[in-house]
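In: let's see this in three dimensions:
(chains A and B)
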Amino acid sequence: MSSATGRLSIVGTGIRLAGQLTIEARHLVAGADQVLCVVDELTLFHLRQINPHSQSLQHCYAPGRSRDASYAEMVERLLAPLHEGQHVCGVFYGHPGVFVWPGQEAVRQARRAGFPATMYPGVSALDCLVADLGLDPAVHGCQSFEAMDFLLYPRRIDATALLLLWQPVALGDPQRSTFTTDPAWVQVLAEVLGESYSENHPVIVYEAATLPLAEPRVESVALADLHRVEFTQRSTLVLEAAGPPIRSEQRLARLGVSPDAIRTASFQRYRQAGRLDKD
Amino acid sequence: MSEKTKSMLVDLGANPDLVEEFKKDPESVMKRYGVPADHRQLILDGDKEGLAKAADLDDEHVQLLIV
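Out: The predicted structure is shown next:
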């Protein structure tokens, strides 16, 4: 029933049902003594096809309960069987370490307690975004922030690089409990972004598809109209680069390299031509 | 949601060839899986919200992790 020493494996299901569960994740789910999941009902059904003993931890969330309390309970549930020598597989939606506090925290606490603990990468919303929108982070570079964190803790951003803002649904929900967006907060976010982008700069509201027959949400709106958009828990804001970066002749001189000696890579030529011209 | 509908959706999620077959002839794929009439209609109507609700996938039932 159990291995001699407890062991924790943390895996992700990917974003889209069934197909994005990796082979190694499937193997770990199948062989674990306990499979504890924070996933939707359909994904739970799939996991139970692989390991009938898979249990949901969704009940850790409750209306009015703080996220901290929910996460603490999840971590506790994941760690308890380790002391009985069991192999526990924690399963989370998407990538188990991307915007998943309890996944990372369970690994940290298990290791501190002396148990072997491994996180296995999964398919995140970022991976789906790259594929669905055709945006390679290498082309312009990529900046990525949680939306409320970005709003409240000012960062220096670069308008010549891609900007991703996650979880805009929480804007206006400082307690992070209701996920009701306040358009006034979104308007302030747009004003902050307006310091770097024009008010007509397109913002893509992106949501990866979760069901196999569904299409992703790809809705483009001018920055000035962002507060009129409705967000869900799955929404991400995508601001493409306003233009290409400029090569520094000063740095070339500092390196002692002639401009003719530099070979421009394919992605740099694509960037210079401009994505819209190219398409 | 019926186990049969769930099974078909799981298989569609894991098998892109089945998705292509479904696009060409959804009735025949759903018949093969024994998908009940009410779910068949939701799927044929492209009623994503209705389907998500039937599968408890709407935001009232699923809490995605937000740090």
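In: hey, where'd the helices end up in chain B?
Out: Remark: helices assigned in chain B by DSSP state H are B:3-14, B:16-24, B:26-33, B:37-44, B:48-54.
In: tell me which of those helices lies nearest to chain A.
Out: Among those, helix B:3-14 comes nearest to chain A, with 3.3 Å by CB to the nearest CB. C-beta coordinates here come from the backbone N, C-alpha and C atoms, glycine included.
In: helices and strands around the closest one, which ones?
Out: Judged by 3 or more CB pairs under 8 Å, 6 or more residues apart in numbering or on different chains; DSSP states H and E, helix B:3-14 is in contact with helix A:41-50, helix B:16-24, helix B:26-33.
In: give me the contacts around that helix.
Out: Contact with helix B:3-14 is made by A:16-20, A:42, A:45-46, A:49, A:211-213, B:18-19, B:22, B:29-30, B:33-36, B:39, B:54-55, as judged by CB atoms under 8 Å, 6 or more residues apart in numbering or on different chains.
In: in that helix, which residues are buried?
Out: B:T5, B:K6, B:S7, B:M8, B:L9, B:V10, B:D11, B:L12, B:G13, B:A14 (16 or more other CB atoms under 10 Å in any protein chain shown).
In: state the mean pLDDT of it.
Out: Average pLDDT, helix B:3-14: 94.
In: now stretch B:27-43: how far from the chain's centre is it?
Out: Distance, stretch centre to chain centre, for stretch B:27-43: 9 Å (CA atoms, centre = their mean, to the nearest Å).
In: likewise stretch A:95-106?
Out: For stretch A:95-106 - counting by CA atoms, centre = their mean - the centre lies 10 Å from the chain centre.
In: start to end distance for it?
Out: End-to-end distance for stretch A:95-106, by CA to CA, to the nearest Å: 14 Å.
In: what do you get for stretch A:225-241?
Out: End-to-end span of stretch A:225-241 (CA to CA): 19 Å.
In: does it reach chain B?
Out: Yes: Stretch A:225-241 lies within reach of chain B by CB under 8 Å from any CB of the partner chain, at A:T232, A:Q233, A:R234.
In: before we move on, the earlier item: just the buried ones among the contacts of helix B:3-14, please.
Out: Buried, going by 16+ other CB under 10 Å: A:16-20, A:42, A:45-46, A:211-213, B:18-19, B:22, B:29-30, B:33, B:35, B:39, B:54-55, out of those.
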